[in-house]
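Engineer: Just need the structure, nothing else, for what follows:
(chains A and B)
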Amino acid sequence: MGKQIQWETSLTTAKAKAKKGEKLILMDFYNNL
Amino acid sequence: MEENFVPLQIDFNKGKALVKRYSVKWTPTIIILDLNGNEHHRFIGFLPPEDFTAQLILGKGKTEFDLDHFEQAIQCFQEVLTLYPKADAAPEAQYYLGVAKYKSSHDPKQLKLGLEVLQRDYPNSEWTKKALPYSLIP
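Structural biologist: The predicted model follows:
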């Protein structure tokens, strides 16, 4: 079974985590129709 | 995925500032950002898992390319072509592979070699058309 993705909801937090982990950011814009 | 990316989800109806900042008009829109929030790649619409993963690796490669990290970029583009040669992202990866090899080596022949692979493996791709002028390289 796949690991659950831990989504961030704040770009500021995502940038801080990306800097800390030397990662990129995958930003997913979604819409619940 | 989380080995290389921090996943960030934005509700299109609530995240108005980011929707405006990144000019998002439709969902799903996936954007690959560097750690400063600068955009390097985007794709729109639902994709099957293999195509989705290929787009993520392509996006990582394009980010490394934009940051002048050509060796890392080459690794990403080769990974797309090795693991997902049938994905829609593959011709673009092949195009950028030739360009990144040229930028890394300053040898224009790399562009022509890249075109030859595009013509052989992806003859109907727009990326093959975009590389056609490289046929003039001696």
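Engineer: so where do the strands sit in chain B?
Structural biologist: Ranges of strands within chain B are B:5-11, B:29-33, B:39-44, based on DSSP state E.
Engineer: For chain B, give me the ranges with low pLDDT.
Structural biologist: Residues of chain B meeting the criterion pLDDT under 70: none.
Engineer: what residue is smack in the middle of it?
Structural biologist: residue B:58 (3.5 Å; CA atoms, centre = their mean).
Engineer: residue contacts, that residue?
Structural biologist: Each residue near residue B:58 by CB atoms under 8 Å, 6 or more residues apart in numbering or on different chains is listed here: B:41, B:76-77, B:80, B:89, B:92-93, B:96. C-betas here are computed from N, CA, C, even on glycine.
Engineer: 7 Å instead, please
Structural biologist: Shown in contact with residue B:58 (CB atoms under 7 Å, 6 or more residues apart in numbering or on different chains): B:41, B:80, B:89, B:92-93.
Engineer: Cross these against helices and list the overlap.
Structural biologist: Under the assignment DSSP state H, the contacts of residue B:58 contribute B:80, B:92-93 to helices.
Engineer: and which of those residues is nearest residue B:12?
Structural biologist: Distance to residue B:12, by CB to CB, is smallest for residue B:92 among the ones in helices among the contacts of residue B:58, at 25.8 Å.
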